[in-house]
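Peer 1: mind looking at a prediction? Sequence and model below.
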Amino acid sequence: MRPRSLRLRLTLVVTLAVGLALTVASFVLVNSMSNTLFGDMADAAARQVDKVADAVEHGQPLPPEDPSAATMIRVEDQDGKLVTSVPQTGAKAAADRPVPAERTRAAGSAGAEPKPPAEDFEIVPARTVTTPQGEVRTIRAISRSGQITQSIDLVVNSLLVAAPVLTIFVGWLTWFAVDRALRPIEAVRRRAEAISHSTLDERLPEQDTGDEVGRLTRTLNRMLDRIASGARRQREFVSDASHELRTPLAAMRAELEVSLAHRDSADWRNVATRLLDDHRRLERLTGDLLTLARLDEAAVSRRAEPVRLDELVAGETSAVRHAEVRASLVPVRVTGVVPELVRLVRNLLDNADKHAAGVVAVSLRVDGGSAVFAVEDDGPGVPPDQRERVFDRFHRVDGSRDRASGGVGLGLALVRRITRSHGGEVTATASPTLGGARFEVRLPLN
């Protein structure tokens with residue numbers, strides 16, 4: 001049991017709340033019971049005083065004794081001596097007992113609420129009247145309150161025992177219930193503590209309970225799936241990037257070693273030209289890798305602004321040098337990051353230029369709430385089973401792409417990543433007019 005444990009805190013809070021609630025409820029119950037019982041006794045005594053006072057005032061016989069009443073009526077003269085009483089017998093000792101002045105109610109105070117008695121007998125309402133003979137009589141009620149006091153004491157004693165017992169029971173029940181509820185969470189915690197970067201394939205134990213713990217476990221397992229998938233992609237990316245970077249470096253080193261071994265006969269101008277080509281390829285590869293890393297970073301600051309996509313596309317068509325460009329553009333405005341959109345358009349045009357037999361078609365239109373940018377060529381196209389994989393990093397379609405053509409398999413991966421970062425999507429299909437590949441990008445309009 002840890003002082004900072006959730007189990008202990010919940011148990012203490014519930015136990016204290018129940019104890020406080022029972023204390024307040026007990027106080028209200030005893031107070032209400034006392035007021036009700038003593039109030040009823042006072043009301044009954046006041047009614048009896050009124051009956052006797054009316055009879056004495058009009059010279060009538062005193063009313064008969066009420067068998068259900070627990071009150072005796074004293075009729076006293078001006079000196080406080082007993083003249084008669086109702087009932088005539090029974091509580092005679094109480095009737096003869098001197099009446100303390102501080103416990104006597106003032107005349108005419110019938111119906112006032114009495115204070116709880118400290119003795120078995122309580123002086124309650126009194127009334128002073130004048131008889132037909134001119135004599136002054138005080139009619140006073142004395143009620144037996146012992147049974148009421150005993151009943152209240154019994155309730156108080158019962159509550160003094162029941163309230164602590166019930167509070168302790170609720171505390172134990174809360175501890176047991178919270179312990180049972182937290183056991184699955186503790187099991188999940190221990191299992192999660194054992195999962196590391198080398199054991200990301202492990203999953204947390206799921207319980208088909210349908211409650212919050214089960215939903216939390218499923219959510220955490222889905223999070224682990226995403227983490228494992230991201231870590232796997234990261235390892236693959238690092239491995240592929242290392243391989244791609246090693247190739248031009250190895251070629252450059254081999255070129256230099258051969259030239260140095262035959263330094264007298266080496267054509268150093270051609271060597272420098274080839275090294276420069278390898279350097280450009282290496283520079284482009286590292287630039288693409290850096291761009292992908294920035295796009296994958298969710299916290300990167302990206303300044304989006306309104307862009308005339310038709311003007312941007314028209315400015316990049318001049319990059320197509322080995323094929324005829326057929327452009328069909330309409331004015332379209334989107335919101336995006338200009339350098340990223342330039343890279344998207346340039347990569348698609350460069351890809352089509354490398355694989356086209358002689359014609360590249362570029363179109364830009366509006367379809368509903370989207371701008372549709374398409375690039376088609378008359379080359380060999382992309383096989384149907386490769387149309388999704390061409391967007392993977394470092395993927396090349398057999399027979400249509402190789403390192404000799406200058407591609408490293410990052411251009412289309414960048415296209416998809418940029419498109420999705422702008423809220424759009426890119427697909428690869430067959431060109432219905434040219435017969436080669438068709439890459440279509442859909443972006444939301446501004």
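Peer 2: Alright, I've got the coordinates.

Peer 1: just for the stretch 251-400 of the chain, where's the confidence low?
Peer 2: Confidence mapping of the stretch 251-400 of the chain against pLDDT under 70 gives the ranges 296-302, 395-400.

Peer 1: the stretch 1-150 of the chain: strands as residue ranges?
Peer 2: Secondary structure of the stretch 1-150 of the chain, counting by DSSP state E, counting those that start in this stretch: strands at 71-76, 82-86, 121-130, 136-144.

Peer 1: can you flag the weakest of those strands by average pLDDT?
Peer 2: Looking at the strands of the stretch 1-150 of the chain, the lowest mean pLDDT belongs to strand 121-130 (a mean of 76).

Peer 1: which residues in the stretch 1-150 of the chain form helices?
Peer 2: For the stretch 1-150 of the chain, the helices defined by DSSP state H, counting those that start in this stretch cover 6-57, 92-96, 146-194.

Peer 1: can you redo those as TSV with mean pLDDT and distance to Thr433?
Peer 2: Quick note: C-beta positions are derived from backbone N, CA and C, even for glycine. Output for these, formatted as TSV (pLDDT from 0 to 100; distance: least, C-beta to C-beta, whole Å):
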stretch	mean pLDDT	distance to Thr433
helix 6-57	89	67
helix 92-96	41	121
helix 146-194	88	56
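
Peer 1: out of the ones you listed, nearest to Glu135?
Peer 2: Glu135 sits nearest to helix 6-57 of all those, at 9.2 Å, using C-beta to C-beta.

Peer 1: before we move on, back to that, to Val178, which of the strands of the stretch 1-150 of the chain lies closest?
Peer 2: strand 121-130 (50.8 Å).

Peer 1: quick one on the thing from earlier: kindly reformat the strands of the stretch 1-150 of the chain as CSV containing distance to Val18.
Peer 2: What follows is the strands of the stretch 1-150 of the chain, written out as CSV (distance: least, C-beta to C-beta, whole Å):
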stretch, distance to Val18
strand 71-76, 41
strand 82-86, 50
strand 121-130, 37
strand 136-144, 38
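
Peer 1: list the buried residues of stretch 340-351.
Peer 2: 340-351 (16 or more other C-beta atoms under 10 Å).

Peer 1: which residues does that stretch contact?
Peer 2: Stretch 340-351 is contacted by residues 291, 295, 302, 307, 309, 312-313, 316-317, 319-320, 334, 360, 362, 373, 375, 407, 411-412, 414-415, 418-419, 421-422, 439, 441 when judged by C-beta atoms under 8 Å, 6 or more residues apart in numbering.

Peer 1: restricted to strands, list these.
Peer 2: 307, 334, 360, 362, 373, 375, 439, 441 (DSSP state E).

Peer 1: for the first one, grab the count of nearby residues.
Peer 2: Look at Val307: counted by other C-beta atoms under 10 Å, it has 21 neighbours.

Peer 1: can I see the domain layout of the chain?
Peer 2: 6-152, 212-296, 305-444 (automatic domain parsing).

Peer 1: quick one, which of these is nearest to Leu166?
Peer 2: Ranking those by proximity to Leu166 (C-beta to C-beta) places domain 6-152 first, at 6.3 Å.

Peer 1: just give the number of residues close to the nearest residue to Gly379 once chain neighbours are set aside.
Peer 2: Excluding its sequence neighbours, the residue lying closest to Gly379 (C-beta to C-beta, 6 or more residues apart in numbering) is His355, at 3.7 Å. As a burial measure, His355 scores 22 neighbours (other C-beta under 10 Å).

Peer 1: nearest to Arg203, of the strands of the stretch 1-150 of the chain?
Peer 2: strand 121-130 (76.2 Å).

Peer 1: distance from the centroid: which residue in this protein tops it?
Peer 2: Among the C-alpha atoms of the chain, the one farthest from their average position, using C-alpha atoms, centre = their mean, is that of Gln133, at 87.0 Å.

Peer 1: how confident was the prediction at that residue?
Peer 2: On the pLDDT scale, Gln133 is placed at 86.

Peer 1: residues in contact with it?
Peer 2: Contacts of Gln133 (C-beta under 8 Å, 6+ apart): Gly59.

Peer 1: I'd guessed the residue nearest to Gly379 sits against Val382; true?
Peer 2: No. In this structure, His355 is not within contact of Val382 by C-beta atoms under 8 Å, at 9.0 Å.

Peer 1: can you redo the domains of the chain as a markdown table with distance to Ala194?
Peer 2: A markdown table is the format used below for the domains of the chain (distance: least, C-beta to C-beta, whole Å):
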| stretch | distance to Ala194 |
| --- | --- |
| domain 6-152 | 21 |
| domain 212-296 | 12 |
| domain 305-444 | 32 |
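
Peer 1: phi first, then psi, for Gly369.
Peer 2: Backbone geometry at Gly369, expressed as degrees, to the nearest 10, gives phi -100, psi 20.

Peer 1: related to what we said a few turns ago, okay, the domains of the chain, which one's buried deepest?
Peer 2: Burial of the domains of the chain is given as mean neighbour count (mean count of other C-beta atoms under 10 Å); domain 305-444 ranks first at a mean of 18.

Peer 1: how distant is it from the center of its chain?
Peer 2: Centroid separation for domain 305-444 versus its chain: 43 Å, with C-alpha atoms, centre = their mean, to the nearest Å.

Peer 1: ends of that domain, what's the gap?
Peer 2: The first and final residues of domain 305-444 sit 13 Å from each other (C-alpha to C-alpha, to the nearest Å).

Peer 1: can you lay out the helices of the stretch 1-150 of the chain as TSV showing distance to Val390?
Peer 2: TSV is the format used below for the helices of the stretch 1-150 of the chain (distance: least, C-beta to C-beta, whole Å):
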stretch	distance to Val390
helix 6-57	52
helix 92-96	110
helix 146-194	38
